[in-house]
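Trainee: Here's a sequence, model it:
(one chain, ligands or ions: 1)
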Amino acid sequence: MNPDGLAIATTGLSKRFGRPGHGQLAVDGLDLVVPAGSVYGFLGPNGSGKTTTIRMLLGLVFATAGEISLLGQRIPDHAARALPHVGSLVEGPAFHPYLSGRANLARLDAADLGASRRDSGRRIDHALERVGLTAAAAKRYRNYSLGMRQRLGIAAALLQPRDLLILDEPTNGLDPQGTREVRHLVTQLAADGTTVFVSSHLLSEVEQVCDHVGVMRTGRLVWQGSLAVLGDQQRVRVVVQTPDSTVAKGVLADLGLVEINEEPGTASAVLGSRAPEDIVAALVRAGVAVRGFAVQRPNLEDVFVSLTGEGFDVSA
Ligand SMILES: Nc1ncnc2c1ncn2[C@@H]1O[C@H](COP(=O)(O)OP(=O)(O)OP(=O)(O)O)[C@@H](O)[C@H]1O
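Mentor: Now for the predicted structure:
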């Protein structure tokens with residue numbers, strides 16, 4: 001693969017719609033860094049430029065400025081080298097409602113002139129199996145649930161072996177069951193070693209499946225990084241509920257905990273390297289009446305707010 005270990009890298013990627021010097025800057029100076037093997041959540045409210053970025057990555061629209069490297073190949077110049085290794089789901093493929101899932105895939109597979117005809121059946125079976133649609137393969141597309149439709153779209157992207165999958169809002173419009181199905185599928189694909197770049201306007205969704213995230217706001221990438229930060233012990237806090245909050249505060253301090261807060265009825269601190277059970281034991285030994293004890297891990301929103309100093313507003 002590419003020498004720098006990145007599945008996608010862009011520098012200064014920008015797109016202006018309309019006349020040069022006028023019109024709207026839909027994407028503004030994006031430096032995306034998507035490590036190979038990652039599940040990268042491309043997060044941002046509707047209209048923040050996610051689809052436009054994805055269309056540029058796939059060579060579907062020209063960038064106004066900037067550079068794109070996809071699997072180590074420059075886009076659009078070397079798109080023909082990179083794109084056969086990239087599966088995508090953008091605005092969903094047009095499926096025929098009266099044909100079965102299998103027959104729909106067969107039509108798309110037949111349109112791929114680079115694929116050998118002899119292996120067609122095997123390719124289709126494999127793609128159906130990977131998205132869990134083997135049992136429903138003979139059902140007409142119009143009778144598929146929304147989740148099944150979306151999974152068929154992903155199956156279409158998987159007719160060939162892929163190193164990278166780019167999915168634009170794959171759970172948009174899905175009910176909770178469909179969302180779970182797609183989320184599970186993304187996790188499975190990633191476990192098989194495929195890099196997945198998936199856009200979403202839902203923070204909770206990205207948090208559940210992704211290990212890297214980029215946050216878009218009005219065309220700009222406002223934060224990008226690894227979600228390993230969520231497991232960072234320095235961000236985990238213990239919260240003690242007790243009428244003896246002043247004594248509890250002293251116990252936490254004696255144990256060497258830092259960033260201690262005390263309010264009437266609660267004392268809290270950063271957990272650090274201490275085991276929660278040792279803290280409870282020390283509190284009890286000191287005669288603190290522990291009414292509640294919680295270990296609070298930060299969620300993506302907390303981390304985002306602490307890193308950028310801004311609220312996360314997906315409805316903007
Ligand atoms: N072909 C186009 N011509 C003019 N403006 C466009 C075009 N495509 C997108 N835009 C504008 O560019 C901005 C970014 O749109 P884009 O679709 O990339 O955002 P998005 O984050 O993917 O949102 P959504 O989830 O709603 O698709 C929007 O203001 C949109 O109106």
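Trainee: So which residues of the chain form helices?
Mentor: Per DSSP state H, the chain carries helices over the ranges 50-57, 79-82, 101-110, 120-130, 146-157, 176-191, 203-209, 245-254, 276-285, 300-308.
Trainee: who's in contact with the fourth one?
Mentor: When you say that, I think you mean helix 120-130. 101-102, 105-106, 109-110, 115, 134, 137, 155-156, 158-160, 185, 188-189 (C-beta atoms under 8 Å, 6 or more residues apart in numbering). Backbone N, C-alpha and C define where each C-beta goes, glycine included.
Trainee: and those, which are buried?
Mentor: 101-102, 105-106, 109, 137, 155-156, 158-159, 185, 189 (16 or more other C-beta atoms under 10 Å).
Trainee: could I get these as JSON lines with distance to residue 244?
Mentor: Output for the buried ones among the contacts of helix 120-130, formatted as JSON lines (distance: C-beta to C-beta, whole Å):
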{"residue": "101", "distance to residue 244": "63"}
{"residue": "102", "distance to residue 244": "67"}
{"residue": "105", "distance to residue 244": "65"}
{"residue": "106", "distance to residue 244": "71"}
{"residue": "109", "distance to residue 244": "69"}
{"residue": "137", "distance to residue 244": "64"}
{"residue": "155", "distance to residue 244": "59"}
{"residue": "156", "distance to residue 244": "62"}
{"residue": "158", "distance to residue 244": "59"}
{"residue": "159", "distance to residue 244": "65"}
{"residue": "185", "distance to residue 244": "50"}
{"residue": "189", "distance to residue 244": "51"}
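Trainee: Would you point out the most distant pair within these?
Mentor: Farthest pair in these (C-beta to C-beta) is 106 and 189. Separation: 22.0 Å.
Trainee: And the strand of greatest length in the chain, what does it pack against?
Mentor: Longest strand in the chain, counting residues (DSSP state E): strand 6-17. If contacts are counted by 3 or more C-beta pairs under 8 Å, 6 or more residues apart in numbering; DSSP states H and E, strand 6-17 sits against strand 24-30, strand 33-35, helix 50-57, strand 65-70, strand 195-200.
Trainee: Within the sheet, what are the partner strands of it, with directions?
Mentor: Note on strand 6-17: by DSSP bridges, its sheet partners are strand 24-30 (antiparallel), strand 33-35 (antiparallel), strand 65-70 (antiparallel).
Trainee: returning to that earlier point: closest one to residue 234 among the helices of the chain?
Mentor: Once the helices of the chain are compared by C-beta to C-beta, helix 300-308 is nearest, at 11.1 Å.
Trainee: what sits up against stretch 63-80?
Mentor: Taking C-beta under 8 Å, 6+ apart as the rule, stretch 63-80 contacts 1-4, 6-16, 20, 27, 29-30, 56-59, 62, 81-83, 85-86, 163-164.
Trainee: just so I know, which of the helices of the chain lies nearest the ligand?
Mentor: helix 50-57 (3.1 Å; C-beta to the nearest ligand atom).
Trainee: Flag every residue of this protein that's near the ligand.
Mentor: 17, 24, 26, 44, 46-52, 169 (C-beta under 6 Å from any ligand atom).
Trainee: if you set the cut-off to 8 Å instead, what comes out?
Mentor: 15, 17-18, 23-24, 26-27, 44-55, 61, 168-169, 172, 199, 201, 216, 219 (C-beta under 8 Å from any ligand atom).
Trainee: Which of those residues are buried? Put it as a PyMOL command.
Mentor: Typed into PyMOL, the line below selects the buried ones among the residues of the chain next to the ligand, using 16+ other C-beta under 10 Å:
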select buried, resi 15+26+27+44+45+48+49+50+51+52+53+54+55+61+168+169+172+199+201+216+219
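Trainee: what residues are up against the closest residue to residue 271 other than its chain neighbours?
Mentor: What sits nearest to residue 271 in space, not counting adjacent residues and going by C-beta to C-beta, 6 or more residues apart in numbering, is residue 236, at 4.5 Å. Residue 236 makes contact with 270-271, 295-298, according to C-beta under 8 Å, 6+ apart.
Trainee: By neighbours, which of the residues you listed wins?
Mentor: residue 271 (20 neighbours; other C-beta atoms under 10 Å).
Trainee: show me what contacts that one?
Mentor: 233, 236-238, 257, 279, 295.
Trainee: give me that answer again for 7 Å
Mentor: By C-beta atoms under 7 Å, 6 or more residues apart in numbering, the contact set of residue 271 is 233, 236-238, 295.
Trainee: cool, residue 13 as well?
Mentor: Residue 13 neighbours (C-beta under 7 Å, 6+ apart): 27, 30, 53, 56, 63, 66, 68.
Trainee: Please repeat the previous calculation with a cut-off of 10 Å.
Mentor: 27-32, 49, 52-53, 56-57, 63-68, 221 (C-beta atoms under 10 Å, 6 or more residues apart in numbering).
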